[in-house]
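> everything below, folded, please.
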Amino acid sequence: MRYHCTPATNLHDLIGCDSTDGFQYGPLSSALKTGEELVLEESQVLPLLMVAKIHAVLHGLFIVETEETLRMPPGFRLVLH
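Residues are numbered from 1 along each chain as shown. Modelled structure (predicted):
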């Protein structure tokens, strides 16, 4: 899976958010759930704090809205491109 980053990309974009149809998983949480590779295109435009937050999420992500904890499954890979 690929996601095109911009300087305005934030964790809500990557993790997802609640909507009227329920929780909408973002590319990072979707890749963690399915064990897919996620390529963050143009990741060099992300602020360093955002990159640090992404790396912190990889140690475990608790989604309050769904009450689930996501951890890196076999096959998951994050590529900053």
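
> which ones are touching the most centrally placed residue in the chain?
The chain has Leu28 as the residue nearest its centroid, 2.3 Å off, counting by C-alpha atoms, centre = their mean. By C-beta atoms under 8 Å, 6 or more residues apart in numbering, the residues touching Leu28 are Tyr3, Leu14, Ile15, Leu38, Ile54, Val57, Leu61, Leu78. Every residue, glycine included, has its C-beta placed from N, CA and C.

> and it, helix, strand or coil?
With DSSP: H, G, I helix; E, B strand; the rest coil as the basis, Leu28 sits in helix.

> sorry, back to before: out of the contacts of Leu28, list just those in helices.
Leu14, Ile15, Ile54, Val57 (DSSP state H).

> how about those residues, which pair is most distant?
Greatest spacing in the ones in helices among the contacts of Leu28, by C-beta to C-beta: Ile15 and Ile54 (9.7 Å).

> and the strands in this protein?
2-4, 16-19, 22-25, 37-41, 61-63, 68-70, 77-80 (DSSP state E).

> same question for the second one, mean pLDDT?
Looking back up the chat, that one is strand 16-19. Taken as a whole, strand 16-19 has an average pLDDT of 90.

> restricting to C-alpha, output it in CSV.
Extracted C-alpha coordinates of strand 16-19, given in CSV (Å, rounded to 0.1, in the frame of the first residue of the first chain):
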residue,chain,number,x,y,z
GLY,A,16,-7.7,7.0,10.9
CYS,A,17,-10.6,8.6,12.7
ASP,A,18,-14.2,8.1,13.8
SER,A,19,-16.9,8.9,11.3
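
> just checking: what are the partner strands of that strand?
strand 22-25 (antiparallel) (DSSP bridges).
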